[in-house]
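Undergrad: my questions concern the predicted model and sequence given below.
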Amino acid sequence: MTFAVSPPAVHVRAPGKINLYLGVGGRHDDGYHALATVFQAVSLYEDVTARHADDFSVTVSGVDDPATVPLDDRNLAMRAAKLLATAAEYEGGVALEIRKSVPVAGGMGGGSADAAAALVACDALWGTGFSTARLHELAARLGADVPFALHGGTAVGTGRGDQLNPALARGRFDWVLVPSDAGLSTPVVYGRLDALREEHGALADDPPLSLDVPIPVLQALRSGDSELLSESIYNDLQEAALHERPDLETTILRGIHAGALQGIVSGSGPTIALLCGSPESAQHVQNELRDRGFDPLHVHGPVPGARIIG
Ligand code: C5P
């Protein structure tokens with residue numbers, strides 16, 4: 001493989017996501033569940049800067065508790081850089097600097113955004129020149145949400161959530177996000193869903209191993225009508241996440257009381273995503289929740305996936 005002349009540093013920005021619809025089917029033998037989901041990338045970003053180095057290293061800023069983000073091979077951005085180096089037979093390393101804005105372990109794909117950003121940054125830094133399809137394939141090996149962080153916009157995810165098709169979404173949707181101080185573990189929430197399904201009498205392998213996003217969700221996205229969309233946003237992981245964190249139900253109700261059209265747990269939680277009818281309404285909901293002691297963020301979607309900004 002040949003490498004083009006490369007810049008001294010590459011800065012890539014990748015968005016966090018909301019699953020505005022998340023249907024979870026049965027569990028495959030590899031432990032992953034069949035999904036039918038609609039991702040929307042929102043205006044909350046991870047910034048990753050890659051610089052030439054002999055070895056691989058990661059530094060992280062923008063988090064209250066640095067201990068919540070590993071800096072070794074458990075870090076998904078580090079794994080992404082090493083995976084690309086192996087695939088490209090690149091013999092050097094990289095120093096990755098991550099500035100986080102997406103809540104850690106918040107159900108918004110922050111770690112996946114870091115990995116997608118690292119793939120794009122290292123590809124440019126090293127002059128690897130991989131195609132989008134090849135980067136997508138590497139992304140899917142890193143985690144189910146990583147391909148979407150590359151892709152951005154609004155997309156339907158099937159399989160493990162990694163098989164993507166763009167969804168037509170008109171206009172802009174305003175969301176108020178309510179992060180939590182403590183994160184939730186994704187495997188724990190999926191495990192809780194399985195346990196609840198067994199308790200409810202459904203055998204673990206009863207749920208379908210292939211499922212679709214309901215047509216009304218896609219129609220609402222195409223119409224650009226937030227009210228219509230609010231009638232069909234849904235998350236199969238919500239009951240399991242609320243089981244781990246019953247207080248989140250109050251957060252949703254407070255958001256609706258403040259004027260949000262609807263609220264759901266984002267992905268495996270614990271971040272709550274409140275859909276609002278307009279930027280002004282979102283601003284109002286944000287102010288009301290702030291007055292009640294929450295730390296809400298007003299974002300909008302869809303926004304583009306991982307891209308070089310400098
Ligand atoms: O792919 P990712 O590393 O983000 O997944 C984290 C965990 O979430 C998996 O180990 C699995 O327990 C659960 N998961 C799942 N089914 C999916 C996606 C994730 O069970 N489709």
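TA: Cool, got the structure.

Undergrad: now residue 233, nearest residue through space, not along the chain?
TA: residue 20 (4.9 Å; C-beta to C-beta, 6 or more residues apart in numbering). To be clear about C-beta, it is placed using only N, CA and C from the backbone, and glycine gets the same treatment.

Undergrad: assign the one you found to helix, strand or coil.
TA: Here residue 20 is recorded as strand under DSSP: H, G, I helix; E, B strand; the rest coil.

Undergrad: and it, what does it touch?
TA: 38, 39, 40, 217, 229, 233, 264, 273, 275 (C-beta atoms under 8 Å, 6 or more residues apart in numbering).

Undergrad: a strand runs through the last one, doesn't it?
TA: Yes. If the criterion is three-state DSSP, then residue 275 is within a strand.

Undergrad: give the contact list for it.
TA: Residue 275 sits next to 20, 173, 174, 175, 226, 229, 230, 233, 260, 261, 262, 263 when contact means C-beta under 8 Å, 6+ apart.

Undergrad: one more pass at 7 Å, please.
TA: Going by C-beta atoms under 7 Å, 6 or more residues apart in numbering, residue 275 touches 173, 175, 226, 229, 230, 233, 260, 261, 262.

Undergrad: ok, the residues you listed vs the ligand, which is closest?
TA: residue 233 (18.9 Å; C-beta to the nearest ligand atom).

Undergrad: isn't the closest one up against residue 23?
TA: No. Contact criterion C-beta atoms under 7 Å: residue 233 and residue 23 do not qualify, at 11.9 Å.

Undergrad: re the thing from before, ok, of the contacts of residue 20, which come out buried?
TA: For those, a burial check counting by 16 or more other C-beta atoms under 10 Å picks out 38, 39, 40, 217, 229, 233, 264, 273, 275.

Undergrad: dump these to CSV, plus pLDDT.
TA: Shown next, in CSV, are the buried ones among the contacts of residue 20 (pLDDT from 0 to 100):
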residue, pLDDT
38, 98
39, 98
40, 98
217, 97
229, 97
233, 97
264, 98
273, 98
275, 98
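
Undergrad: those also near the ligand: which ones?
TA: For the ligand, no contacts are drawn from these by C-beta under 6 Å from any ligand atom.

Undergrad: nearest to the ligand among these?
TA: residue 39 (12.4 Å).

Undergrad: now that closest one: which helix or strand?
TA: Of the helices and strands defined by DSSP states H and E, residue 39 is found in strand 33-53.

Undergrad: which neighbours in the sheet does the helix or strand just after that strand have, and how are they oriented?
TA: Following strand 33-53 in sequence order, the next helix or strand is strand 56-61 (DSSP H and E). Here strand 56-61 has these sheet partners by DSSP bridges: strand 93-99 (parallel).

Undergrad: contact partners of stretch 237-246?
TA: Residues outside stretch 237-246 that contact it (C-beta under 7 Å, 6+ apart): 22, 24, 184, 188-189, 192-193, 196, 248-249, 264-265, 267-270.

Undergrad: tell me the domain ranges of the chain?
TA: Residue ranges for the domains of the chain, per automatic domain parsing: 9-168, 173-301.
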